[in-house]
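Novice: predicted model, plus sequence, below.
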Amino acid sequence: MSGKYDDLEKLRDLYSKGIITEAEFNAEKAKILNDNREAGVNETTQTADNNNGYCSLMHLSQFSNFLFPGLGLIIPIVMWATRKNESKFADVNGKIIFNWKISSFIYTSVLVILVIAAALVFGTQIAFSGIGNYDTFQGMMDDNPMKIFSLIGALGIIIIPAIAIVVLDFIFTIIGAIKANKGEVWNYPLSIRFFSTKNQ
């Protein structure tokens with residue numbers, strides 16, 4: 001900033017001594033001011049690009065769960081905590097990630113409870129219907145096919161959404177990373193908004 005003022009002062013000095021004309025003075029003054037404006041714009045653009053890349057990595061860091069369970073939660077928390085006070089965009093993306101993490105945990109917990117309940121209900125029915133009287137699974141199937149199929153059906157209805165959550169988690173993470181890299185705020189669908197994600 002001081003360099004700009006020094007250059008302008010030198011320019012005024014040259015003009016006051018009559019070394020340069022008024023047209024030359026104005027042209028050089030405009031160049032000095034424009035160079036500084038462009039430098040400021042470039043610095044702002046670079047900061048935005050750094051934040052975009054950082055937020056994109058924050059989304060992708062959820063895949064670290066594949067390396068070690070729990071890392072997909074710890075790494076985004078650390079990344080979010082590191083940058084949330086410096087960048088509103090990083091703060092919003094951190095909140096988006098954790099809205100989804102909490103939501104998917106709730107959905108998965110409900111499905112696990114339903115699987116356990118279905119296994120207990122149908123398992124108890126099958127056990128009390130005399131499963132111990134059969135030497136083979138085929139013998140039990142011949143006498144109680146509907147109970148077995150209803151258990152398998154109930155588990156299937158519950159397990160399919162669990163698989164869907166895993167697939168959606170993968171897809172949403174990729175889309176979130178791409179959108180963040182472009183500087184866009186994108187809330188994961190099906191995500192409960194525990195934290196406000198308005199990018200102000």
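Specialist: Done, it's in. Everything quoted here is computed from the prediction, not taken from an experiment. Numbering: from 1, shown residues only.
Novice: after the least confident helix or strand in the chain by mean pLDDT, which helix or strand is next?
Specialist: Within the chain, judged by mean pLDDT, DSSP states H and E, the helix or strand with the poorest mean is helix 137-143; its value is a mean of 59. Beyond helix 137-143 in the direction of the C-terminus, DSSP states H and E gives the next helix or strand as helix 145-181.
Novice: mind giving me the packing neighbours of that following helix?
Specialist: Under the contact criterion of 3 or more Cβ pairs under 8 Å, 6 or more residues apart in numbering; DSSP states H and E, the helices and strands touching helix 145-181 comprise helix 22-60, helix 88-128. Bear in mind the C-beta positions are built from the backbone N, C-alpha and C, glycine included.
Novice: checking residue 184 next. Helix, strand or coil?
Specialist: In terms of secondary structure, residue 184 is coil; the call rests on DSSP: H, G, I helix; E, B strand; the rest coil.
Novice: Three-state assignment for residue 85, please.
Specialist: coil.
Novice: from residue 55, how far off is it?
Specialist: Distance, residue 85 to residue 55, by Cβ to Cβ, to the nearest Å: 15 Å.
Novice: show me where pLDDT drops low in the chain?
Specialist: Low-confidence segments of the chain (pLDDT under 70): 1-3, 35-50, 123, 125-145, 147-148, 151, 199-200.
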